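Asker: Quick one: sequence and predicted model below, then my questions.
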Number of protein chains: 2
Amino acid sequence: MQIYKAHILFTEHSDRFEVFENGYLAVDNGIVKGVYKTLPESLRNEHVTDFGDKLLIPAMCDMHVHAPQYRNQGIAMDLELLPWLDNYTFPEESKYRDIKYAERMYRRFVRDVWRFGTMRTVAFATIHKDSTRLLMNLFNEAGMGALVGKVDMNRNSPDTLTETVEDAVRDNEELIAEFNHDGALVRPIITPRFVPSCTPEMLTACGELAKRHNLHVQSHLSENTGEIAWVSELEPDSANYGDAYNKYGLFGQTPTIMAHCVWTDGEELQLMKRNGVMVAHCPTSNFNLSSGMAPIRRFLNEGIPVGLGSDISGGHDLSIFRMMVYAIQVSKMQYQKDKSKAFLTLPEAFWIATKSAGRFFGKVGSFEPGYEFDALVIDDSQLNHDNYSLLHRIERFVYLGDDRNIVHRFCRGKEIAEPKI
Amino acid sequence: MQIYKAHILFTEHSDRFEVFENGYLAVDNGIVKGVYKTLPESLRNEHVTDFGDKLLIPAMCDMHVHAPQYRNQGIAMDLELLPWLDNYTFPEESKYRDIKYAERMYRRFVRDVWRFGTMRTVAFATIHKDSTRLLMNLFNEAGMGALVGKVDMNRNSPDTLTETVEDAVRDNEELIAEFNHDGALVRPIITPRFVPSCTPEMLTACGELAKRHNLHVQSHLSENTGEIAWVSELEPDSANYGDAYNKYGLFGQTPTIMAHCVWTDGEELQLMKRNGVMVAHCPTSNFNLSSGMAPIRRFLNEGIPVGLGSDISGGHDLSIFRMMVYAIQVSKMQYQKDKSKAFLTLPEAFWIATKSAGRFFGKVGSFEPGYEFDALVIDDSQLNHDNYSLLHRIERFVYLGDDRNIVHRFCRGKEIAEPKI
């Protein structure tokens, strides 16, 4: 049993922070046992780790990130989608055939995920089995949770990033056999890149893999209008882009997350709702790639699950705290146009990034009893120069803080040290 | 004469960076004499300060910031404009009657402006003469350039922030006599808060002050639709919000900057163009306060001068580098809706933040001969882990870097030390 004392804040509900000023949190075997204003009699003999005036909050979940685009973070942002893919994204991903290159970059990537306080990641790797395995091992070594996808793609892709369906299935099966264990912190996720990159045969094979092994699924959905038009040409029998995944068993038949959903509406939105498909909202990327602004309030109103994604390198920022700010700002632009769409509050954005996103991993993202203890200790003393309230302190940290303020990180109850690069 | 050696980048033109890899920059008496690929014979005997692999770039200009809202930075962002003003902004500004409180906050404010590499600031203070003087002295002490406005307001304001026209004129005259000297680094700027806060008599008095002393003018313009409707009620004889300043001599009769201009269009835009009124584009604030997205490409196409503003505390971020990213993102959302409106490139955003903004201070914001040497030395070694090109290095610093990367700051040729708090 571990007891931590600090100012504890988390979002059990989306409309407010639970606040325990100088509170106590008990962890047993990696699982939260309870949060207390005063320490219960039964726990009075336990050792207490006292974080003093610091904040203790749930760790972040990054629900969409391309790990092999790490080198491209913050470059080529003046390009449009197609030249960006052809001149930067695909050539960079092609390099991950070289395991030495992959190791050099993936070590830095995992270190930076750690820096920004993200303890659970849903990541695209590349088509390459060996470097995908390496990335999974690096997350395991670090002790940080991840769902990592070997990317599957066999059309409209450069030769260096094209595989056969048979190769894709064989490589996935190998990784699944190696990593798909009950309770594993790092697990495979079935990852067709997106409809334009995958023939019907590939999509069929992906759906079968997901079903056979009861695996999570991730892909991209309705990111920009040109892409949607292209998908409707490629899949003329599908009612919409989402339906093109659905008919292959890749849209909620197992737990599924779709990145972007900027233009999701109508039947596609209803299908997501019926199937419980989660949205990985990537507001920074949607700005940088001129995609648009996703209807985040609409998703919440409809009860569609939502999390936040950095989407490196369409996005340029690995901080999920920064994604909260951007998500609020996107919602404010929609509110400006239509006052019936209330903008996101800070507790809502925090809830989306933690408890809402965390359900994709099990019981993650809150400090309610039974949740895995994924947590950050925040030293905001530099920001708290004038006796701010705890609610203002968390707001200032989210808006103004950075990795310097994160002084301890926990995943499943274990303190996570800085990964070696 | 000082000679600096580094990788030198600046934007003489908005469409590209001038790049001098391992170049030299000569400064004489605070003024740039030249930038060279190889050091000219005539300068071979001068001492060279070698910054090695670091970047040397122009320092930033923050064209709109409310210094007395420093304590409110990053709080109360879940409120709408009116409760935000009534419950946070006005009560906070009222505290600046207390010079001790003002000193505690203004010292931190000036230190943070320094941290983020901003060497020229156009700031609102409060109605209080003494704390305005203090802020001006703190900028002078630091050696950093600023145009600081004692705010004038006498209607629709709380009693604690309401003055008579006579008091406003007297207090302005006192500060003008003290600070308005040729070549001074810190000077007064005439600052009617905005039309709703100022009676016609106050606006008339402000216009006369500006004309009598040939002073710069700043205010707010067309930030949100409710405000615009209010102004048209208050000033029914004005053709538009901008015209309401124009008729009092506050719209380009002397050098004028107007914050926001989110909804500026039609006649107002043409009037700005004719009068050479500069826009302080504050994209983060415009998101946070649900104001909207300013037509930045339109302003550039029309030749209207533009700079970037942090607008603390409507904005939450003092970094003008971050404002460049936001300005690009706003332009990309407008491009998404209308492909004829090309989005801003990085060189354009950099040019807006430096050379374009800098003309409000004289010859500031570029490294062409004759410009004042306002500069930053950037150590991006942590970001440059894989031999990026210089253009990618500046892009990564703007998108990913922070104050840790800024290792030297110069204003008018003098290295600026960290201001004491």
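Answerer: Perfect, I can see it now.
Asker: rest of the way, CA atoms for contacts and neighbours
Answerer: Fine.
Asker: which residues touch the host helix or strand of A:F299?
Answerer: For A:F299, the host element (DSSP states H and E) is helix A:296-302. For helix A:296-302, contacts defined as CA atoms under 8 Å, 6 or more residues apart in numbering or on different chains pick out A:K273, A:H281, A:P305, A:V306, A:A327, A:S331, A:K341, A:A342, A:F343, A:L344.
Asker: what subset of these is also close to chain B?
Answerer: A:L344 (CA under 8 Å from any CA of the partner chain).
Asker: Contact partners for the closest residue to chain B within the stretch 1-150 of chain A?
Answerer: Taking CA to the nearest CA as the measure, the stretch 1-150 of chain A has A:G74 as its residue closest to chain B, at 4.8 Å. By CA under 8 Å, 6+ apart, the contact set of A:G74 is A:S313, A:G315, A:H316, A:D317, B:E395, B:R396, B:Y399, B:L400.
Asker: And A:V330, by the same measure?
Answerer: Neighbouring residues of A:V330 by CA under 8 Å, 6+ apart: A:P283, A:M293, A:A294, B:F287.
Asker: residues in contact with the residue nearest to A:L81 when sequence neighbours are not counted?
Answerer: Using CA to CA, 6 or more residues apart in numbering or on different chains and skipping residues adjacent in sequence, the residue nearest A:L81 is A:L289, 6.3 Å away. By CA under 8 Å, 6+ apart, A:L289 lies in contact with A:M77, A:E80, A:L81, A:G314, B:K332.
Asker: Could you give me the buried positions within the helix or strand where A:R274 lies?
Answerer: Counting by DSSP H and E, the element that carries A:R274 is helix A:266-275. Neighbour-count burial for helix A:266-275 flags A:E268, A:L269, A:L271, A:M272, A:K273, A:N275 (criterion: 16 or more other CA atoms under 10 Å in any protein chain shown).
Asker: tell me the secondary structure for A:Y245?
Answerer: Look at A:Y245: counting by DSSP: H, G, I helix; E, B strand; the rest coil, its state is helix.
Asker: My guess is A:K341 contacts B:S290. True?
Answerer: No: counting by CA atoms under 8 Å, A:K341 does not reach B:S290; the two are 11.9 Å apart.
Asker: which residues are common contacts for those two?
Answerer: In the contact map built from CA under 8 Å, 6+ apart, the residues linked to both A:K341 and B:S290 are A:Y335.
Asker: the more surrounded of the two?
Answerer: Shown here are A:K341 and B:S290; by other CA atoms under 10 Å in any protein chain shown, B:S290 has more neighbours (24 against 18).
Asker: and that one, what is it in contact with?
Answerer: A:Q329, A:K332, A:M333, A:Y335, A:Q336, B:E80.
Asker: switch the cut-off to 7 Å
Answerer: Shown in contact with B:S290 (CA atoms under 7 Å, 6 or more residues apart in numbering or on different chains): A:K332, A:M333, A:Q336.
Asker: same deal with A:G276?
Answerer: A:G252, A:I304, A:P305.
Asker: Up against chain B, what does the stretch 201-350 of chain A have?
Answerer: Contact residues (CA under 7 Å from any CA of the partner chain) of the stretch 201-350 of chain A with chain B: A:287-288, A:290-292, A:316-317, A:329, A:332-333, A:336, A:345-346.
Asker: Secondary structure element holding A:S290?
Answerer: Assessed by DSSP H and E, A:S290 sits outside every helix and strand.
Asker: Need the per-residue pLDDT for the closest residue to it other than its chain neighbours.
Answerer: Leaving out its chain neighbours, the residue that sits closest to A:S290 by CA to CA, 6+ apart is B:K332, at 5.0 Å. Per-residue pLDDT puts B:K332 at 98.
Asker: How about A:E80?
Answerer: For A:E80, pLDDT reads 83.
Asker: all strands of the stretch 251-400 of chain A, in order?
Answerer: A:256-260, A:278-281, A:306-308, A:375-378 (DSSP state E, counting those that start in this stretch).
Asker: between those strands, which gets nearest to A:G145?
Answerer: strand A:375-378 (12.5 Å; CA to CA).
Asker: in its sheet, what does the closest one sit against?
Answerer: Strand A:375-378 sits in its sheet next to strand A:48-58 (antiparallel), strand A:406-411 (antiparallel), going by DSSP bridges.
Asker: got a list of contacts for it?
Answerer: So strand A:375-378 is contacted by A:54-59, A:117, A:405-411 (CA under 7 Å, 6+ apart).
Asker: Can you say which of those residues are buried?
Answerer: If we count by 16+ other CA under 10 Å, these have these buried: A:54-59, A:117, A:405-406, A:408-411.
Asker: Just put those in TSV and tack on pLDDT.
Answerer: Shown next, in TSV, are the buried ones among the contacts of strand A:375-378 (pLDDT from 0 to 100):
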residue	pLDDT
A:K54	98
A:L55	98
A:L56	99
A:I57	99
A:P58	99
A:A59	99
A:G117	98
A:N405	98
A:I406	98
A:H408	98
A:R409	98
A:F410	98
A:C411	98
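Asker: Between those residues, which sits nearest B:E178?
Answerer: A:N405 (41.8 Å).
Asker: Domain-wise, how is chain A divided?
Answerer: Structural domains assigned to chain A are A:2-58+A:365-415, A:60-361, following automatic domain parsing.
Asker: from the ones you listed, which stretch is densest packed?
Answerer: domain A:60-361 (a mean of 21; mean count of other CA atoms under 10 Å in any protein chain shown).
Asker: now that domain, how far from the chain's geometric center?
Answerer: 8 Å (CA atoms, centre = their mean, to the nearest Å).
Asker: so how far does it reach from one end to the other?
Answerer: One end of domain A:60-361 sits 12 Å from the other (CA to CA, to the nearest Å).
Asker: Please apply the same query to stretch A:111-124.
Answerer: End-to-end distance for stretch A:111-124: 17 Å, by CA to CA.
Asker: just stretch A:337-354 next, same as before
Answerer: 28 Å.
Asker: same check, this time on stretch A:398-416
Answerer: The first residue of stretch A:398-416 is 21 Å away from its last residue (CA to CA).
Asker: Give me the residues contacting it.
Answerer: A:27, A:29-31, A:115-117, A:119, A:142-144, A:321-322, A:325, A:372-380, B:74, B:316-317.
Asker: Just the ones of the residues you listed in helices?
Answerer: When DSSP state H is applied, these are split such that A:R115, A:A142, A:F321, A:R322, A:V325 fall in helices.
Asker: from those, which two are the most distant?
Answerer: Put simply, by CA to CA the two of the ones in helices among the contacts of stretch A:398-416 set farthest apart are A:A142 and A:V325, 27.6 Å from each other.
Asker: which ones are touching A:V217?
Answerer: The contact partners of A:V217, taken as CA under 7 Å, 6+ apart, are A:I189, A:I190, A:T191, A:A210, A:L250, A:T254, A:P255, A:T256, A:I257.
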